[in-house]
Each structure stands twice: as structure tokens, then as C-alpha cells.
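1. mind folding the following:
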Amino acid sequence: MIEKCLIEHCAPTLASLKAANLFNACCEEGENIDLQISRWNQLMNPKGVKLLALRSRGNRSLVYVYREKQLAQNLNRPGVARFLEKYGYENTEPEQCLALLKKRFEASEDFPHEIGIFLDYPLGDVIGFIQNGGQNYKCSGCWKVYCNECEALKMFQKYHKCREVYRNLWAKGRSVLQLTVAA
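-> Got it, this is the predicted structure:
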């Protein structure tokens, strides 16, 4: 189950084109998502990829798949620390930031709007989304774009092509592990 979700929703992260992706995992009766995440972490961590359940409700979990080194770079981009400070983040250390993000997810039914930073969205677009309440965007794809439309459209196309290639290779028998770029 997780393997298909990784291919469908996380190919750009597996290919090291993007710092992170999210997907909803739904477990069958008797399955343990935490155990599955632990097993996948054993396989993926040596390649620089980690999985974290940000929120679990019943048999559903919101799984965050990320590359810690890329996330650390994103958290240290200009303006990001000041932006995150408004939401209670005391520093830009990935582990501490993810712990607070997880608490914020668990405390609310909504998505904390700063999630865009953790998903490798441009800061200007995250701020634009918040200021505009998700309205008045220039275009949308993987996220709603408020700033550099041309650059975003190129990224959307790159991510789409990556997903297509990964789906095809996976369908032909390549494993997620084989398709994950080591970093």
C-alpha cells in the first residue's frame, strides 16, 4: 500500500527533485501504519529519505516523505525563519520544526498553512496563499502560485514528467527502492 502511494505522490522527492511530498494512507483492518512507516524508514533512510506520520485518525494517516538535507536548505532560505517564527517555530532545525509541525497538525483538523514551506513551495507563494485565503492566484498545479508563474509552471511540468516516468518504471517491475536516488 505505501509503495504505490510513494510512486503516485512522492516521485519528485524520490528522484531528489523536491524536498518533500505528502500522502494520505488508509490502513486495512489489523494493519499498523506506524509499523509500515518504520519498515519503510529502514529501507529509505540510507538513501536520504524519511517518512513521518504527521497526523493519524483511526485507520488514516497523513504521511510526510522528505529529504532532511533538502528540507534543512529550504528552512534556511532567506525570510523563512522570520516567517516560521510567526507560527511558533523557534529555529530552523528540521527535527524540531517537524516536531512542532506534527503538534500543529494533531491539534487541528485544518492544514497549518506553513506546510507549504515544508513541501518545498516558494515562500512568496505560501505567503500569498495565506494573505489571499487561497484565492486570487495566478495559476495552480502542485500548489497555488502568487509570484513567479513561469518558473512554477516549469516545475509543475518537471514533477508531472517525473511521476509519469516513475509510474511506468514501477509498472515494469522496478521497486521504489531501485527508483529512489541516493543522496
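
2. could you give the backbone dihedrals for residue 51?
-> phi -120, psi 140 (degrees, to the nearest 10).

3. residue 35 is in contact with that one, correct?
-> No. Applying CB atoms under 8 Å as the test, residue 51 and residue 35 come out as separate, 11.9 Å apart. The way it works is simple: take the backbone N, C-alpha and C, and place the C-beta from them, glycine included.

4. show the pLDDT at residue 136.
-> As predicted, residue 136 sits at a pLDDT of 97.

5. which residue lies nearest the spatial centre of the protein?
-> residue 21 (2.3 Å; CA atoms, centre = their mean).

6. ok, residue 51 and residue 35, which is more surrounded?
-> residue 51 (23 against 10; other CB atoms under 10 Å).

7. how far away is the more buried one from residue 99?
-> Distance from residue 51 to residue 99, counting by CB to CB, to the nearest Å: 15 Å.

8. any idea how far residue 86 is from the residue lying closest to residue 84 once chain neighbours are set aside?
-> Leaving aside its chain neighbours, residue 84 sits nearest to residue 114 (6.1 Å; criterion: CB to CB, 6 or more residues apart in numbering). Going from residue 114 to residue 86 by CB to CB gives 8 Å.

9. now do residue 6
-> According to CB to CB, residue 6 stands 32 Å off from residue 86.

10. higher neighbour count, those two?
-> Taking other CB under 10 Å, residue 6 and residue 86 do not tie; residue 6 has more neighbours (26 against 9).

11. what's the closest non-adjacent residue to that one?
-> Excluding the flanking residues, the one nearest residue 6 by CB to CB, 6+ apart is residue 176, at 5.0 Å.

12. gap between the one you found and residue 159?
-> Distance of residue 176 to residue 159, given as CB to CB: 17 Å.

13. looking at these two, which is more packed in?
-> With neighbours defined as other CB under 10 Å, residue 176 and residue 159 compare such that residue 176 has more, 22 against 19.

14. where does this protein have low pLDDT?
-> For the chain, applying pLDDT under 70 flags the ranges 29-30.

15. the same query, at a cut-off of 80, please.
-> By pLDDT under 80, the low-scoring segments of the chain are 1, 27-31, 58-59.

16. where is the longest helix in it?
-> Identified as the longest helix of the chain according to DSSP state H is helix 149-171.

17. can you tell me the closest non-neighbouring residue to residue 116?
-> Among residues not flanking residue 116 along the chain, residue 126 sits closest, at 3.7 Å (CB to CB, 6+ apart).

18. what's the offset of the host helix or strand of the one you found from the middle of its chain?
-> Using DSSP states H and E, residue 126 sits within helix 123-132. Relative to its parent chain, helix 123-132 has a centroid offset of 17 Å by CA atoms, centre = their mean, to the nearest Å.
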